[in-house]
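Engineer: Here is the input, now give the coordinates:
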Amino acid sequence: MDHPPTPLEARAALAEADSQAARVRRADHQFRWILLILVATYLVAAGIVSATSRPGPSYGWLVLLVLVTGGVVGIGLLVWWIRAYSRTGVLWFTVAAAAFTWWNAIVCGISVLTGWWGPHQPNYHFGVSALVGVIPLIVAAWLIGRR
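Structural biologist: Residues are numbered from 1 along each chain as shown. The predicted structure follows:
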């Protein structure tokens, strides 16, 4: 026959549950690092594109390939190391990725439609647009870090 836990056993079980919940919340902070790696990869890639998009031979594509591969590997390792995560952490990460996708599409569209990106515009315009485009990722990383 199953007996109800004593008050001491109940307190110990609640303390253990609180401890496990705190570990899961700390694991959710890994999402912040994933977002920051995305920001860094995106901005460095934009810098490379801005610096190497000149007429003539360029090896910027090779540098870009190495950079993006490194970013993907770094993110993959962080995802692999996450042992537990909360539904809230996954939701925050998913919303951040969706917000970045939509916001970045809007920034790119406006940049093209207004002529901000154009053949006779300076190359740094692409980098400025990239800085504006990563705002949702930076905000989400900050918010996830505060949880």
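Engineer: all strands of the protein, in order?
Structural biologist: Counting by DSSP state E, the chain has no strands at all.
Engineer: Centre-most residue in it?
Structural biologist: Ranked by distance to the mean C-alpha position of the chain (C-alpha atoms, centre = their mean), the top residue is Leu35 at 1.7 Å.
Engineer: show me what contacts that one?
Structural biologist: Leu35 is in contact with 93, 96, 137-138, 140-141, 144, counting by C-beta atoms under 8 Å, 6 or more residues apart in numbering. To be clear about C-beta, it is placed using only N, CA and C from the backbone, and glycine gets the same treatment.
Engineer: Just give me the least confident of these.
Structural biologist: Here the lowest pLDDT out of the contacts of Leu35 sits on Ile144, with 85.
Engineer: Pull up the gap between that one and Trp102, please.
Structural biologist: Distance from Ile144 to Trp102, counting by C-beta to C-beta, to the nearest Å: 19 Å.
Engineer: same thing with Pro136?
Structural biologist: Distance check for Pro136 against Trp102: by C-beta to C-beta, it reads 8 Å.
Engineer: quick one: which of these two has more around it?
Structural biologist: More crowded of Pro136 and Trp102, by other C-beta atoms under 10 Å: Pro136, with 20 against 11.
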